[in-house]
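1. for reference, the sequence and a predicted model appear below.
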Amino acid sequence: MAVGRIADYPSQVPTYWQTELYAQAENLTFWQKFEGPEGASVPIIRKDDLEKQPGDTIKYDIALALTGSGSVGDTSLTEGAEEKAVFRQTSMTVAGLKHGVRWSWLSKVEVTHDMRTVALNQLKKWLAGRIDNRLFAEFTGVTIDGFAPSVAEASLPASMKLFAGSATSIATVDNTDAAGRLKLNDISDIKALAQATNKVEPLRLDGGDEIFGLVIHPFTALALKKDSSYQQAQREAQARGADNPLFKGSVAMWDGVVIFVSNRVPTAADGVGAISVSRNILFGAQALCRGYAMYPGWFEQDFSYGEEAGVATRTVLGQKLNLFDLTVGGTGPLSAIGSMILYSAAVAPAV
């Protein structure tokens with residue numbers, strides 16, 4: 001009787017592990033639930049182009065909101081008063097990302113764990129972390145894990161930056177209620193600026209409600225949670241619509257802004273007295289684009305006559321903050337069409 005063994009199907013095994021690695025890594029990222037296709041009103045536009053090669057670019061289009069006043073009444077006809085759709089095209093550079101796990105034959109014999117399974121679990125967590133870190137870096141202009149964003153923090157438009165309390169710059173953010181700790185008023189302020197000044201497109205729920213998202217650092221969230229106004233607001237808060245994926249993982253909602261917490265929000269010791277300052281991200285629609293030129297692969301190899309074995313993953317991906325010149329003549333400053341940064345204190349509690 002012929003029996004199919006694992007050795008008889010060498011090509012099927014890597015395919016399974018590759019699919020598992022890719023799917024689970026995507027699910028573990030913070031930003032995955034905010035992605036959608038080109039043209040959608042979601043925070044992150046996802047466009048994969050698997051024909052691209054490392055070092056190449058992926059182009060994508062962003063549709064800008066209509067600005068015309070329309071027609072009213074019986075004598076004002078639509079014909080002749082139409083508005084043309086306006087697009088902005090940009091591109092993101094893609095680059096390789098890879099890592100591996102290796103072990104000896106003796107460890108495989110003596111260690112009770114399945115080393116391939118351990119490697120899979122560790123690589124998917126590593127990949128998810130690197131994907132998230134690149135997106136947080138791109139949103140804030142801060143270099144994370146050696147990855148430099150397309151636009152450095154100092155070169156980001158001033159219009160997309162707001163400082164908590166009375167602070168007017170990163171250097172003036174202090175660990176006080178008045179000059180740096182995040183308050184509910186700061187959230188209302190940045191929302192108003194996003195709506196009225198930066199014209200950030202909100203996220204629209206099924207019922208027609210418009211919201212924004214704000215992801216803050218855990219230490220920033222801690223200061224907010226200790227504020228009496230926040231505590232009162234949460235006691236009186238209404239349900240946030242738990243069935244909507246936009247609310248998954250959220251901790252609160254204020255003034256139409258859904259608040260999330262992530263320890264991947266970048267910080268730096270550059271406030272008053274070198275206190276830690278967090279780069280919290282307010283986001284609406286079409287804030288950033290990301291995509292793969294090659295999905296994460298799974299590769300296995302034996303070394304030194306089978307005395308060692310290893311697995312590795314590699315992928316080609318890119319991400320780009322959406323910055324455009326929105327003036328009619330095309331000679332104005334760049335604007336971030338979907339996000340802003342709220343700088344605030346992020347000081348650890350005393351232990």
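-> Perfect, thanks for sending it.

2. can you pull out the helices in the chain?
-> With DSSP state H, the ranges of helices along the chain come out as 12-28, 105-110, 115-140, 184-192, 218-225, 228-235.

3. tell me what angle the longest one forms with helix 12-28.
-> Regarding helix 115-140 and helix 12-28, their directions subtend 40 degrees when assessed with axes from the mean of the first three to the mean of the last three Cα atoms, to 10 degrees.

4. now swap in the fourth one and tell me
-> For helix 184-192 and helix 12-28, the angle between their directions (the same axes, to 10 degrees) works out to 110 degrees.

5. can you say which of the helices of the chain is nearest to Ala287?
-> Nearest to Ala287, of all the helices of the chain, is helix 115-140, at 7.3 Å by Cβ to Cβ. (Glycine included, C-beta is placed from N, CA and C.)

6. in the closest one, which residues are buried?
-> By neighbour count on 16 or more other Cβ atoms under 10 Å, the buried set for helix 115-140 is 115-116, 119-120, 123-124, 127-140.

7. with stretch 191-202 instead?
-> 191, 193-195, 198, 200-202.

8. could you dump those to CSV with distance to Glu35 and pLDDT?
-> Shown next, in CSV, are the buried residues of stretch 191-202 (distance: Cβ to Cβ, whole Å; pLDDT from 0 to 100):
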residue, distance to Glu35, pLDDT
Lys191, 23, 97
Leu193, 25, 97
Ala194, 20, 96
Gln195, 23, 94
Asn198, 22, 91
Val200, 18, 93
Glu201, 16, 90
Pro202, 17, 93
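
9. and the two most separated of these?
-> Taking Cβ to Cβ, the two most distant members of the buried residues of stretch 191-202 are Leu193 and Glu201; they sit 14.1 Å apart.

10. from Ala137, how far off is the nearest residue to Arg46 once chain neighbours are set aside?
-> Distances taken as Cβ to Cβ, 6 or more residues apart in numbering put Glu35 closest to Arg46, at 4.3 Å, once the chain neighbours are dropped. Using Cβ to Cβ, to the nearest Å, we find Glu35 at a distance of 17 Å from Ala137.

11. and Asp56, by the same measure?
-> Distance from Asp56 to Ala137, by Cβ to Cβ: 21 Å.

12. in terms of pLDDT, where does Val42 sit?
-> pLDDT for Val42: 90.

13. hmm, it is touching Leu203, no?
-> Yes: assessed by Cβ atoms under 8 Å, Val42 is found in contact with Leu203 at 7.3 Å.

14. got any residues that touch both of those two?
-> Taking Cβ atoms under 8 Å, 6 or more residues apart in numbering as the contact rule, Val42 and Leu203 both touch Ala285.

15. list the pairing partners of the longest strand along the chain within its sheet, with orientation.
-> Ranked by residue count and defined by DSSP state E, the top strand of the chain is strand 288-303. Strand 288-303 sits in its sheet next to strand 44-46 (parallel), strand 308-321 (antiparallel), going by DSSP bridges.

16. distance from the chain centre to it, please.
-> 19 Å (Cα atoms, centre = their mean, to the nearest Å).

17. just stretch 255-271 next, same as before
-> 12 Å.

18. quick one: mean pLDDT over that stretch.
-> For stretch 255-271, the per-residue pLDDT averages 96.

19. end to end, how far does it reach?
-> In stretch 255-271, first residue to last residue: 27 Å (Cα to Cα, to the nearest Å).

20. now do stretch 301-314
-> 14 Å.

21. Lys183 touches Lys226, doesn't it?
-> No: taking Cβ under 8 Å as the definition, Lys183 is not a contact partner of Lys226, at 10.9 Å.

22. which of the two has more neighbours?
-> Between Lys183 and Lys226, counting by other Cβ atoms under 10 Å, Lys183 is the more crowded of the two (19 against 12).

23. now do the contacts for the more buried one.
-> Contacts of Lys183 by Cβ under 8 Å, 6+ apart are 164-165, 177, 224, 227, 229-230.

24. now do Gln18
-> 295-298, 313.

25. one more: Val94?
-> 52, 54-58, 291-293, 316-318.

26. just the buried residues from the contacts of Gln18, in PyMOL please.
-> For the buried members of the contacts of Gln18, the matching PyMOL selection, counting by 16+ other Cβ under 10 Å, is:
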select buried, resi 296+297+298+313
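
27. need the contacts of Gln18 in JSON lines with distance to Ala268, can you?
-> Output for the contacts of Gln18, formatted as JSON lines (distance: Cβ to Cβ, whole Å):
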{"residue": "Tyr295", "distance to Ala268": "33"}
{"residue": "Pro296", "distance to Ala268": "30"}
{"residue": "Gly297", "distance to Ala268": "35"}
{"residue": "Trp298", "distance to Ala268": "36"}
{"residue": "Thr313", "distance to Ala268": "30"}
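
28. and which of the contacts of Gln18 is nearest to Ile170?
-> Pro296 (35.4 Å).

29. ok, and the closest non-adjacent residue to the closest one?
-> Thr315 (4.2 Å).

30. still on that earlier bit, the buried residues of stretch 191-202 in strands, which ones?
-> Filtering those for strands - DSSP E - leaves nothing at all.

31. redo the residues you listed as a markdown table? Include distance to Asn322.
-> As requested, the buried residues of stretch 191-202 are exported to a markdown table (distance: Cβ to Cβ, whole Å):
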| residue | distance to Asn322 |
| --- | --- |
| Lys191 | 19 |
| Leu193 | 17 |
| Ala194 | 14 |
| Gln195 | 17 |
| Asn198 | 12 |
| Val200 | 11 |
| Glu201 | 11 |
| Pro202 | 15 |
